[in-house]
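Asks: Predicted model and sequence below, questions to follow.
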Amino acid sequence: MKKLLILAGVLVFATSVVSFADTNVNSTPTVNVNKQYRKMPPKGPDFQKRRAEFEKRLDLTDEQKQKAEELHKQGFEKMKPIMEKMKEKQKEVFALKGKTDEQSVQQRENLKKQIGALREEAREIKKQNMKDFENILTKKQKKELEKIKKEGRKNFDKEFKGRPHPGHRPGDLEIPPQPPVRKEIK
């Protein structure tokens, strides 16, 4: 058991040394915060396929499809400046990472609060977009949309057990507390 722990420690140390050696000390840090947020609306064969299945399942008319596309573009244009601001704030937080003086810590906390406010603003835009989309649907289509949402939640729960849904804030879901795991030391 001790040998395994020592081996694991050596491996962790070796990988951290290799990753540290790979970074260029003179270069400015780069942050890839753009993974979640795209500069353009999602496109491509996978997105088009899912969108076509969604439209077929809801049995959208051509007029509804056109209105939905307009709503999508309007929503994207509303979200774009918010995502840019979030990206800038996240870069600032990253630049302050590792600084422990009181001013830097306070500045980092303020930036995190600003990012939280921007996320809330984005969440409200998404909610409004969904309401606007639902307004162009018939009652039958709204029922089908609810079924699609429930299936999506089930798939999310299956894929990511124990994680809250993306639209929820901490405390929205009532997840029973898990008892602490106790390991006996021999």
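Replies: That came in fine, so what should we check first? All figures in this text were calculated on a predicted structure; none of them were measured in a lab.
Asks: CA only for contacts and neighbour counts going forward, please
Replies: Fine.
Asks: Show me what secondary structure element comes after the host helix or strand of residue 88.
Replies: Assigned by DSSP states H and E, residue 88 belongs to helix 62-96. Remark: after helix 62-96, the chain's next helix or strand is helix 102-135, criterion DSSP H and E.
Asks: mean confidence for that following helix?
Replies: The average of the pLDDT scores along helix 102-135 is 92.
Asks: between it and helix 62-96, how many degrees?
Replies: Interaxial angle, helix 102-135 versus helix 62-96 (axes from the mean of the first three to the mean of the last three C-alpha atoms, to 10 degrees): 170 degrees.
Asks: Which SSE is immediately downstream of helix 102-135?
Replies: Helices and strands here follow DSSP H and E; after helix 102-135, the next one along the chain is helix 139-159.
Asks: Check which helices and strands that next one sits against.
Replies: When contacts are defined as 3 or more C-alpha pairs under 8 Å, 6 or more residues apart in numbering; DSSP states H and E, helix 139-159 packs onto helix 45-58.
Asks: switch the cut-off to 10 Å
Replies: In terms of contacts (3 or more C-alpha pairs under 10 Å, 6 or more residues apart in numbering; DSSP states H and E), helix 139-159 is packed against helix 45-58, helix 102-135.
Asks: Flag every buried residue along the shortest one.
Replies: Across helix 45-58, burial judged by 16 or more other C-alpha atoms under 10 Å covers 55, 58.
Asks: Check stretch 64-74 too.
Replies: Under 16+ other C-alpha under 10 Å, the buried positions of stretch 64-74 are 68, 71-72.
Asks: can you check stretch 118-125 too?
Replies: Within stretch 118-125, judged by 16+ other C-alpha under 10 Å, the buried ones are 118, 122-123, 125.
Asks: hang on, the earlier thing: okay if I get the buried residues of stretch 64-74 as TSV plus distance to residue 113 and pLDDT?
Replies: Shown next, in TSV, are the buried residues of stretch 64-74 (distance: C-alpha to C-alpha, whole Å; pLDDT from 0 to 100):
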residue	distance to residue 113	pLDDT
68	33	91
71	29	93
72	28	90
